[in-house]
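# turn this into a structure:
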Amino acid sequence: MDEKIFDANNDLVEKDKALEEDKKSEEKETQGTTAVQEENDGWKFDAEAPTLNDSVVSNDEFEIQIPASNPYETAPRPTKSASAVQVQEKKPSQGKNEKVLFAAISVVMAVLLAVSAFFGVMYYTRPNSDEKMNPGNVAMTVGETPVSIGMYNYYYTCISQNYINYASYGYYDINTSKPYDEQNTTDDDGTELTWAQKFENDTINQIQYITAYYEEAVANGVKLTDTQIENVKQSLDGIKSTAADSGKSVNEYIAEIYGEHCGYATLEKMLEQCYIAENYYQQKQFSFEITAEQEQEYFNEHKEDYENVSFAYLQIPYQEGEEKEALDKANKYAGEIATVDDMKKLVPVACEDLISLYVAQGYAQTADECAQMLAANIEVSISADEAGFIDEAIDWLFSEKTAVGSCSAFDDSANSTVYILLKTSEPAADESVVYAVRHVLIMPKAEESEDSQSSDGATKEFTQEQWDEAEKKANEILDEFNSTEKTEDDFAALAEKYSEDTESTSKGSSGIYGGLYEGVKLGQMVPSFENWSIDAARKYGDVEIVKSDYGFHIMFFVENTKQYLYECKQSIRTEMEDEFIKSAEIKKHKAAMKKVKVAQPTSSQTDDTAAND
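Prediction:
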């Protein structure tokens, strides 16, 4: 949950260039071209990239839900606002006071007429790229914050383009040469909708998310840091430079990439809003206090979502029209399986076609090597709400009537594969220990002429003097912490300021803030770090300096708990956050929304033009 809304190292210029290149390449495509997934291209998607509740702005790439490849495959499946004039409310009265009230209304009307006469009717109806919030430029209002057409177009471009780009790698079934309002998908609730509506819905959700945090941040006096101010300047300077190189004005260049009415002022406001929202997001997390009792109660109410069942499996792919033959074969094999070892022995025969396919595609050198690889990875576990697997199979695995050791076959017709499943455990919650701590890492400093790492990547040995200097600095930071109110928030601020483990702070790309590591499983950290964290005597707020081969860790203990309770806490926190976000109500302005950007198929004469312009 400690992920970032906006990556502080955002390089808008690179994204602009990428979008521009996409645009040029799309214009060259012929009508009716379909996307083909590249084989072995080395590009690995992270199904659960660091997000702010799945809503991230990072290099203009907003987090979208990437359909994970089937988790039960042992190798990749070969698939293709001006302030309103306020009149003080008065108690109902008679006579003279009524004339005063009408007189006040007349004055307001006269002012409005005068403004209309001075600026012209176009002031109210014309969009602009300068972020002037005249009525014609406000596409929607989130809470009390107006959102311009240009701002909407910026978010819409990033989100729709992400979906389209992922579709080109086979992650979504989107035909870029066909109108998006004629192609259907489903939302998170399973409701069918068009891709055009999906683009719009996700855009509005993203704007609501960032604006909710931004609006409350402003109300609480949160501002940009000096570093963030400089980052905004550098990003915008880069865009100016790129626009100049292309021979266009900066507003012309930005509008060409992100859509009409999106200009320099729009991107400047967007960057500032995201940074401020991110700053407040980190503060807000400390207000989501969740007790152990709440976690257990949540688990009791959603038990089926946090229990896993273990099983072993084989997969038998088939061609169209061969479903019955494949299922009959699978049922025959299922009758011969009573143990995991039985299943492993059948791999070379039952999975012969799959092995041949994998070898042909280069996933293994020989059939024997591929069979060994498959056999070594046939045992997995699954939760009852697992997405993307066969519903009938999940029901069978979690049924009390299905005894451990039972084996059966299931047809996954959507993927032309039959699965043979062997149940190896009853459903149970994951009670393995995980822990959460914050830390500030201070490393010994090598001489300027030295590298802290040797040529083989191993950490060099430091002199005692260098270790002593690092320990001295660690103690100074600990003293600084002890001079505060000694809250977790105070510690997180010091981690942001001093820690040399940048990946656990906002300086890194992990999306983590304040030196936090949570949900850490045993064996993931160096022994001294882990041993301190899992000490049974440890209590929330304990602080101590721990030495490791990396340096000195100033530790702040948060908790150690069971995996399933940690997952429950994350779910509770998400629900609390969703409630907070939804409190910033959305109001669309119909006239202006008719002028926002709508993605067009690549076969269109006008690529991604605004609708109804």
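# got any ranges where this structure has weak pLDDT?
Within the chain, the stretches with pLDDT under 70 are 1-124, 448-460, 603-613.
# now do the strands in it.
For the chain, the strands defined by DSSP state E occupy 138-142, 145-148, 184-186, 192-194, 307-317, 379-383, 407-412, 417-423, 428-429, 433-442, 516-521, 543-548, 551-562, 586-588.
# check which residues of stretch 350-361 are buried.
Ala350, Cys351, Leu354, Ile355, Leu357, Tyr358, Val359 (16 or more other C-beta atoms under 10 Å). All C-beta spots, glycine's among them, are computed from the backbone N, C-alpha and C.
# what's the nearest residue to Lys248 if we skip its chain neighbours?
Glu256 (7.2 Å; C-beta to C-beta, 6 or more residues apart in numbering).
# ok, the one you found to Lys569 distance?
46 Å (C-beta to C-beta, to the nearest Å).
# neighbour-wise, which of these two wins?
More crowded of Glu256 and Lys569, by other C-beta atoms under 10 Å: Lys569, with 24 against 17.
# against Lys539, how distant is the more buried one?
Remark: distance between Lys569 and Lys539 (C-beta to C-beta) = 18 Å.
# for Asn165, same thing?
From Asn165 across to Lys539, the span is 48 Å (C-beta to C-beta).
# between these two, which is the more surrounded one?
Ranked by neighbour count (other C-beta under 10 Å), Asn165 and Lys539 place Asn165 first, with 17 against 8.
# got the buried residues for stretch 287-298?
Quick answer for stretch 287-298 (16+ other C-beta under 10 Å): Glu295, Tyr298.
# what does that stretch rub up against?
Met1, Thr561, Leu565, Cys568, Lys569, Ser571, Ile572, Arg573, Met576, Glu577 (C-beta atoms under 8 Å, 6 or more residues apart in numbering).
# quote the end-to-end distance of that stretch.
Distance across stretch 287-298, first residue to last, is 19 Å (C-alpha to C-alpha, to the nearest Å).
# ok, now stretch 161-174?
Terminal-residue distance, stretch 161-174 (C-alpha to C-alpha): 12 Å.
# now do the buried residues in that stretch.
Buried residues in stretch 161-174 (16+ other C-beta under 10 Å): Gln161, Asn162, Tyr163, Ile164, Asn165, Tyr166, Ala167, Ser168, Tyr171, Tyr172, Ile174.
# check stretch 500-515 too.
Quick answer for stretch 500-515 (16+ other C-beta under 10 Å): Asp501, Ser504, Thr505, Ser506, Lys507, Gly508, Ser510, Gly511, Ile512, Tyr513, Gly514, Gly515.
# out of those residues, who's nearest Gln285?
Tyr513 (7.8 Å; C-beta to C-beta).
# could you double-check that that closest one lies in contact with Lys507?
No. With contact defined as C-beta atoms under 8 Å, Tyr513 does not count as touching Lys507 (10.0 Å).
# find residues that contact each of these two.
What both Tyr513 and Lys507 touch, as defined by C-beta under 8 Å, 6+ apart, is the set Glu496.
# burial of the closest residue to Gly143 other than its chain neighbours, as a residue count?
Excluding the flanking residues, the one nearest Gly143 by C-beta to C-beta, 6+ apart is Ala584, at 3.9 Å. By other C-beta under 10 Å, the residues close to Ala584 number 21.
# same deal with Asn331?
14.
# was I right to think it contacts Cys407?
No. Counting by C-beta under 8 Å, Asn331 stays clear of Cys407, with 9.7 Å between them.
# overlap in contacts, those two.
Counting by C-beta under 8 Å, 6+ apart, nothing touches both Asn331 and Cys407.
# distance-wise, check Met270 relative to Lys401.
When Met270 is compared with Lys401 (using C-beta to C-beta), they lie 55 Å apart.
# more neighbours, those two?
For the pair Met270 and Lys401, the greater number of neighbours falls to Met270 (23 against 6), based on other C-beta under 10 Å.
# relative to Cys407, how far out is that one?
55 Å.
# check Ser506 too.
50 Å.
# could you do Ser129 as well?
Remark: distance between Ser129 and Cys407 (C-beta to C-beta) = 64 Å.
# farthest-separated two in the buried residues of stretch 161-174?
Using C-beta to C-beta for every pair in these, the one that comes out farthest apart is Gln161 and Tyr171, at 13.7 Å.
# and for the residue nearest to Phe410 when sequence neighbours are not counted, the neighbour number?
Leaving aside its sequence neighbours, Phe410 sits nearest to Ala393 (C-beta to C-beta, 6+ apart; 4.3 Å). By other C-beta under 10 Å, the residues close to Ala393 number 21.
# so Ala393 sits against Lys423, correct?
No. Counting by C-beta under 8 Å, Ala393 stays clear of Lys423, with 10.3 Å between them.
# neighbours of the residue nearest to Thr125 when sequence neighbours are not counted, just the number please.
Closest residue to Thr125 apart from its sequence neighbours, by C-beta to C-beta, 6+ apart: Gly136 at 3.9 Å. Residues within reach of Gly136, counting by other C-beta under 10 Å, total 21.
# gap between Gly136 and Met151?
14 Å.
# check Tyr171 too.
Taken as C-beta to C-beta, the span from Tyr171 to Met151 is 27 Å.
# next one: Thr185
From Thr185 over to Met151 (counting by C-beta to C-beta), the distance is 25 Å.
# neighbour count: these two, which is higher?
Neighbours were counted for Thr185 and for Met151 using other C-beta under 10 Å; Met151 has more, 27 against 16.
# correct me, but the more buried one touches Cys262?
Yes. Between Met151 and Cys262 a contact is recorded at 7.3 Å, counting by C-beta under 8 Å.
# turn the buried residues of stretch 500-515 into a markdown table, including distance to Ile442.
Shown next, in a markdown table, are the buried residues of stretch 500-515 (distance: C-beta to C-beta, whole Å):
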| residue | distance to Ile442 |
| --- | --- |
| Asp501 | 10 |
| Ser504 | 13 |
| Thr505 | 13 |
| Ser506 | 18 |
| Lys507 | 15 |
| Gly508 | 16 |
| Ser510 | 19 |
| Gly511 | 23 |
| Ile512 | 18 |
| Tyr513 | 19 |
| Gly514 | 16 |
| Gly515 | 12 |
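# contacting residues around Glu320?
Ser416.
# now do Thr225
Contacts of Thr225 (C-beta under 8 Å, 6+ apart): Tyr275, Asn279.
# which phi and psi values does it adopt?
Thr225 has phi and psi values of phi -80, psi 170 when expressed as degrees, to the nearest 10.
# quick one: the closest residue to Thr484 other than its chain neighbours and Thr185, what's the gap?
Leaving aside its sequence neighbours, Thr484 sits nearest to Asp490 (C-beta to C-beta, 6+ apart; 4.0 Å). Distance, Asp490 to Thr185, by C-beta to C-beta: 46 Å.
# equivalent analysis for Asp173, please.
Distance from Asp173 to Thr185, by C-beta to C-beta: 8 Å.
# what residues are up against the spatially closest residue to Val437 that is not a sequence neighbour?
By the measure of C-beta to C-beta, 6+ apart, the closest residue to Val437 outside its immediate chain neighbours is Ser533, 5.1 Å from it. Taking C-beta under 8 Å, 6+ apart, we find Ser533 in contact with Tyr435, Val437, Val520, Met525, Met555, Phe557, Asn560.
# quick one: which of those residues is most hemmed in?
Of all the contacts of Ser533, Val437 has the most neighbours under the rule other C-beta under 10 Å, reaching 26 neighbours.
# which residues does that residue bridge with?
Tyr517, Phe557 (DSSP bridges).
# wait, what's in contact with it?
Leu516, Tyr517, Val520, Ser533, Met555, Phe556, Phe557, Val558.
# ok, which pair from these is furthest apart?
Val520 and Phe556 (13.8 Å).
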